[in-house]
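Q: Model the following, please.
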Amino acid sequence: MDEQYDAVERWDDELGDLLAGRGGRAVLPTEQWLASAARPTVPGTVVARVDHAVGVVSRRDDRPSRWLTVVAIGLAAAFVFQGVGNLVAGEWVADNLGEPYAPHPFREGGLAMIAIGVCAAAGAVSRRWSTASVLTCTPLAIGLGLHGFTEVGVFAAGVALHLTEGTLGILLAVCWWLDRRDRAAARREVRT
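A: Numbers count the residues shown, from 1 in each chain. Next up, the predicted model:
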């Protein structure tokens, strides 16, 4: 059994060498034909036509800057975290805040936070969507950040979450502004 296994392994290695173009043992004509058919040389004219049809893949003009992308994803994660927390741990949040638990508003608020998280994430995908992301998410994030100060000494997790959301909201607006400014400057340089 081991001899058969070793023979199959050797044959596999020899075929691998043949397909890689390294040669090796005496090759059967059929194996040589199959190996050469597996790695055809594409004419340069075909490559040029395909490149022209597909276009050179480069950084999309519509893609936001790296910092804007990172901040938008971070803010989206914070919003979704809060939304999921409202959905699955609303009673725990209410107990820690010393407020009565009402499942209906916690559920709807959780779904709304997840939706605004999706809106924040849209700013990481497209420069056109980043404006809508900033206009909708920054005011909410700053409002939540300011609200976080009222939870100091009451609910540390809420303070951390809301201050993080507020900070990321401000950073989102700053990164959006820098991205727009840099893009406009790059366009002016190209024209001159």
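Q: quick one: least confident helix or strand in this protein?
A: helix 29-38 (a mean of 68; mean pLDDT, DSSP states H and E).
Q: Now do the helices in the protein.
A: 2-19, 29-38, 44-54, 66-97, 103-125, 127-148, 156-191 (DSSP state H).
Q: Can you get me a residue count around the residue nearest to C119 when sequence neighbours are not counted?
A: Nearest non-adjacent residue to C119, counting by Cβ to Cβ, 6 or more residues apart in numbering: T136, 5.3 Å away. In this view, the C-beta of every residue, glycine as well, is placed from N, C-alpha and C. T136 has 16 neighbours, counted by other Cβ atoms under 10 Å.
Q: just I116 next, same as before
A: 21.
Q: domain parsing for the protein?
A: As given by automatic domain parsing, the domain ranges for the chain are 2-54, 66-191.
Q: deepest of these, which one?
A: domain 66-191 (a mean of 17; mean count of other Cβ atoms under 10 Å).
Q: Distance from the chain centre to that one, please.
A: Chain-centre distance of domain 66-191: 16 Å, with Cα atoms, centre = their mean, to the nearest Å.
Q: pLDDT on it, on average?
A: For domain 66-191, the mean pLDDT works out to 90.
Q: G98 against G153, yeah?
A: No - using Cβ atoms under 8 Å, G98 is not in contact with G153; the gap is 11.7 Å.
Q: for I73, what are its contacts?
A: Applying Cβ atoms under 8 Å, 6 or more residues apart in numbering to I73 gives the contacts 120-121, 124.
Q: surely L140 meets G169?
A: Yes - between L140 and G169 there is a contact under Cβ under 8 Å: 7.2 Å.
Q: In contact with the nearest residue to I116 once chain neighbours are set aside: list those residues for me.
A: Once flanking residues are discounted, I116 sits nearest to F79: 5.2 Å by Cβ to Cβ, 6+ apart. Going by Cβ under 8 Å, 6+ apart, F79 touches 113-114, 116-117, 120, 137, 141, 165.
Q: now A77
A: So A77 contacts G117 (Cβ under 8 Å, 6+ apart).
Q: Please report how far it lies from G98.
A: 27 Å (Cβ to Cβ, to the nearest Å).
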